[in-house]
Structures are given as C-alpha cells and as structure tokens.
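Undergrad: 3D model of this:
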Amino acid sequence: MYQVIIIEDDPMVASINRKYVESLPGFGVAAVFKSGGDALEYLKDSAADLIILDYYTPLMNGDEFIDQLHAMGKTPSVIMVTSASDTDIVQKLLSRGVVDYLVKPFEFGRFKAALERFSALFEKLSHTRETMGQQEIDSLLSLQNSPTASRLQLAKGLNEATLSRIREFLMENPGSDYSSEQIAEQVHLSRITIRRYMNYMVETGELKSSIDYQTGGRPSIRYQWEKH
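TA: Predicted coordinates:
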C-alpha cells in the first residue's frame, strides 16, 4: 500500500483530501499535517511514497518545503494541491519533480487521475530493469505526460461546490444506497438537480446504480458510493 502524507492547513480541505485518498485501493494516509515543518520533522524517522502538498502552508511555501525535503535526502513523489496557478510557479515545480499539480477547486475525478498516474509510474519504475531501452523510456514518458488527468472537465451546467456537497454525504455513508429523493432531502436540493449529478457520477465511476423492484410501485434507482 502506498503511504501518503497530506500537508494542508485548512481542516475541511484536509479532511476531504483524506477521504479521497482512502477511497482509492492501494492508498493509505500515514499522517496529516498543517505545516511543512511538522511534516519534515515526521519524515526524519518515517517514510512516505507520496506527499499531497498545499503550496501555501504556514511558515514555508511548497518550493521551500521541496528544498528542505531534498536536503534531507528524501525523494517521495509530490502532488501539489493549491490555488496558486501562476505560470512561473507551475513551471518551476514541475521541473523539480512534482508529479502533478491540482488547482483548487478540483473534482474527485481529477484527483483520482493524479493518484492513478502516480501509481502507474511508480509500478513501472519498480519493475524496470537497471537499464532501459527506448520503448521502455517512451512508455515512462507517456505516463508522465498523460493527457488523461489534465483534460478531465466537470460536465457542463454542473457546479463543483454542489458536487462536493453531494460527494461528501455519500462518502460518509459508503455502505448505504439511496434513492435520488433521499439524497435530495439530505443535501437540501431538488430531485431534478440530484438526478443530473447522479447521472454524472455514475458515468465517471464514482457511484454504482441498481434498480429496486421491491417498492410496491414504480421501480426505484438506488445509488451507492463506489470505492475504487
């Protein structure tokens, strides 16, 4: 299992990121920190495969954190999660080994794609011989420059904040299934609105749907969070 560290000073965002990570197979959260300094202290005696890092954390930014991380001889992969989208910052971090860069607010599908790309790259490197041929190098580069993650878009007409609200409710109750009416009541949205989001989340693989014929009337579609 990949050991992940989250560095995020906003408790709500940290909690959401943790739920996202733990919903994916093969990933576990080893620790969550509010500052890069605390994370560096932890890493003196502990290891991590992946760090999910907010660029603007207290006392040091993401660039300074990576400097100190490398000075310690630590080389975990880093996914930067931040509202900072300045071109010079992005270029600098990508050139320093950051494997992906997520700009807030982002959807679960984009987050999932980033972790899956990290996993594919990690596995490829782990099973590669000491020397690589051109074909193997090309394969690695295609993973690093995969367009899948960068092209994921939220469906037209849907709102990221609303999607996150629905997603959080379902992730808190992963073993339960609900009708669109029940979800609408819980998150205080109309049934028509909920159905649009349910259709989108089924298409992206976040939810699985089933038909309940035991209603005594019209069959009902039930939705359940799909742990990937």
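Undergrad: List the contacts of stretch 33-40.
TA: Stretch 33-40 has contacts (Cβ atoms under 8 Å, 6 or more residues apart in numbering) with 5-9, 14, 31, 42, 51, 53, 57-60, 62, 64-65, 68-69, 72. From N, CA and C alone the C-beta is placed, and that goes for glycine too.
Undergrad: now, which of the residues you listed lie within strands?
TA: Counting by DSSP state E, the contacts of stretch 33-40 place 5-7, 31, 51, 53, 57, 60 in strands.
Undergrad: before we move on, the earlier item: among the contacts of stretch 33-40, name the buried ones.
TA: The neighbour-count test (16 or more other Cβ atoms under 10 Å) marks 5-8, 14, 51, 53, 57, 60, 62, 65, 69 as buried among those.
Undergrad: Just give me the least confident of these.
TA: When the buried ones among the contacts of stretch 33-40 are compared by pLDDT, T57 scores lowest at 84.
Undergrad: show me where the chain has strands.
TA: 2-7, 27-33, 50-53, 56-57, 60-61, 77-82, 98-103, 177-179, 207-212, 220-225.
Undergrad: For the chain, which residues score under the pLDDT cut-off?
TA: Applying pLDDT under 70 to the chain picks out residues 84-88, 91, 94-96, 124-156, 215-216, 227-228.
Undergrad: quick one, longest helix in it?
TA: Secondary structure of the chain per DSSP state H: the longest helix is helix 108-126.
Undergrad: and that one, C-alpha only, in CSV?
TA: C-alpha atoms of helix 108-126 as CSV (Å, rounded to 0.1, in the frame of the first residue of the first chain):
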residue,chain,number,x,y,z
PHE,A,108,-12.7,13.9,-7.5
GLY,A,109,-12.1,12.5,-10.9
ARG,A,110,-9.1,14.8,-11.4
PHE,A,111,-7.7,13.9,-8.0
LYS,A,112,-8.2,10.2,-8.8
ALA,A,113,-6.4,10.5,-12.1
ALA,A,114,-3.4,12.2,-10.4
LEU,A,115,-3.0,9.3,-7.9
GLU,A,116,-3.6,6.6,-10.6
ARG,A,117,-0.9,8.2,-12.8
PHE,A,118,1.5,8.3,-9.8
SER,A,119,0.7,4.6,-9.1
ALA,A,120,1.3,3.6,-12.7
LEU,A,121,4.6,5.4,-12.9
PHE,A,122,5.7,4.0,-9.6
GLU,A,123,4.9,0.5,-10.6
LYS,A,124,6.6,0.9,-13.9
LEU,A,125,9.8,2.1,-12.3
SER,A,126,9.7,-0.6,-9.7
